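A.B. asks: Starting from these lines, generate the structure:
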Amino acid sequence: MMTGYIGSLEKRTLKNKKFRQVLFTGKYAQLVVMSLLPGEEIGSEVHPNVDQFFRIEEGKARFVFNESEEYLVRAGDAVVVPAGTQHNIINPAKKKTLKLYTLYSPPNHADGTVHKTKADADAAEEKEHQPESVQAITKSKKTSRPKKQPEAIVEPEISQVPDQEPEQSEL
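C.D. replies: Sure, this is the predicted structure:
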């Protein structure tokens, strides 16, 4: 088991062909590579307790915040989405795939998550948000042995950092 993530994140992101792949999950952060096909989007979402950092490695992305602010970003650009912000990322290209990576803080997906396509991600999201009674029925219909569930992610308490710089004392 690797202690952290070491490697060329740019190369890994550019080679990635999966919609979403978790590369590393720590106690307070998670590293995920993504690939959006032309015209594809992640879908509007809000993470109430998760900050998210994005870095575009290839292509262009249209970020939409709170359904009213739009930004077009390019390869080399970074975007930070604060917790509680409704957001969507759209690949506006007609032919080029959008390659990006994101850091969640704290983690947002189960460790090792891989969604080959947007449809796979949507199906997993829908299943994750089903009532427990529906999940229990679905699990009981399976004939294979159930997989071990990942440990619950405990959200850390976030301390506020003042916006002021510390006062400098004279020598």
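A.B. asks: Hmm, residue 75 is touching residue 55, no?
C.D. replies: No: counting by CB atoms under 8 Å, residue 75 stays clear of residue 55, with 9.3 Å between them. Quick note: C-beta positions are derived from backbone N, CA and C, even for glycine.
A.B. asks: So for those two, which sits in the more crowded spot?
C.D. replies: residue 55 (18 against 15; other CB atoms under 10 Å).
A.B. asks: right, and that one touches residue 100 too?
C.D. replies: Yes: between residue 55 and residue 100 there is a contact at 6.3 Å, judged by CB under 8 Å.
A.B. asks: Mutual contacts of these two, please.
C.D. replies: Between them, residue 55 and residue 100 share these contacting residues under CB atoms under 8 Å, 6 or more residues apart in numbering: residue 13.
A.B. asks: Quick one: low-confidence residue ranges for the chain.
C.D. replies: Applying pLDDT under 70 to the chain flags the ranges 1-2, 129-171.
A.B. asks: rerun at 90
C.D. replies: Judged by pLDDT under 90, the chain has its weakly predicted residues at 1-4, 110, 122, 124-171.
A.B. asks: got the residue ranges for the strands in it?
C.D. replies: For the chain, applying DSSP state E gives strands covering 20-25, 30-36, 51-58, 60-65, 69-74, 78-81, 87-90, 98-105, 114-115.
A.B. asks: Could you list every helix and strand that the shortest one packs against?
C.D. replies: Packed against strand 114-115 by the contact rule (3 or more CB pairs under 8 Å, 6 or more residues apart in numbering; DSSP states H and E) you find strand 20-25.
A.B. asks: which non-adjacent residue is nearest residue 17?
C.D. replies: For residue 17, ignoring the flanking residues on the chain, the nearest one in space by CB to CB, 6 or more residues apart in numbering is residue 35 at 5.6 Å.
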